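Trainee: with the input below, show me the fold.
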Amino acid sequence: LYKKPDNVQAFLDHYETVHMPIVHAIPGLKSCTVNRVTGSPMGGEPAYFMIVEMAYETKETFQTAMRSEQNMAAGKDIGRFARGLVTLVTAESSDT
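Mentor: Take a look at the predicted model:
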């Protein structure tokens, strides 16, 4: 979950050209979906600018990925370009 950065274009440029190649190198990553928030149904400024979903086949695959060098590099990169803007959470999905 990313809050809106002061310089949106610089953020997106870094995200797409530097960060995403690191993310796509994380072992076991099944899919990565980037959702740009376009508004809030309640009106006003939305709480988040972008929501990124990274999916893994199993919990074990996820745990292995989190210990990888590539994931460590992605975490360091987030600290450089998104400090104070990002909230990381884990979730399990289900179809209803």
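Trainee: so which strand or helix has Glu60?
Mentor: helix 59-66 (DSSP states H and E).
Trainee: let's see the next helix or strand after that helix as PDB, backbone CA atoms only.
Mentor: Remark: after helix 59-66, the chain's next helix or strand is helix 69-81, criterion DSSP H and E. As requested, the backbone C-alpha atoms of helix 69-81 are provided in PDB (Å, rounded to 0.1, in the frame of the first residue of the first chain):
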ATOM      1  CA  GLU A  69      18.700 -11.900  -1.700                       C
ATOM      2  CA  GLN A  70      16.300 -10.500  -4.300                       C
ATOM      3  CA  ASN A  71      13.700  -9.700  -1.700                       C
ATOM      4  CA  MET A  72      16.300  -8.100   0.600                       C
ATOM      5  CA  ALA A  73      17.400  -5.900  -2.400                       C
ATOM      6  CA  ALA A  74      13.700  -5.000  -3.000                       C
ATOM      7  CA  GLY A  75      13.400  -4.000   0.700                       C
ATOM      8  CA  LYS A  76      16.500  -1.900   0.500                       C
ATOM      9  CA  ASP A  77      15.200  -0.200  -2.600                       C
ATOM     10  CA  ILE A  78      11.800   0.600  -0.900                       C
ATOM     11  CA  GLY A  79      13.700   2.300   1.900                       C
ATOM     12  CA  ARG A  80      15.400   4.500  -0.700                       C
ATOM     13  CA  PHE A  81      12.400   5.700  -2.700                       C
END
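Trainee: can I assume Thr38 sits in a helix?
Mentor: No - Thr38: not assigned to a helix; according to DSSP: H, G, I helix; E, B strand; the rest coil it is coil.
Trainee: look up how far Lys4 lies from it.
Mentor: For Thr38, the distance to Lys4 equals 12 Å [CB to CB, to the nearest Å]. In short, each C-beta sits where N, CA and C put it, glycine included.
Trainee: ok, now Gly75?
Mentor: 21 Å.
Trainee: could you do Lys59 as well?
Mentor: Taken as CB to CB, the span from Lys59 to Lys4 is 32 Å.
Trainee: next one, pLDDT for the most centrally placed residue in the chain please.
Mentor: The chain has Val52 as the residue nearest its centroid, 4.0 Å off, counting by CA atoms, centre = their mean. Predicted confidence (pLDDT) at Val52: the value is 97.
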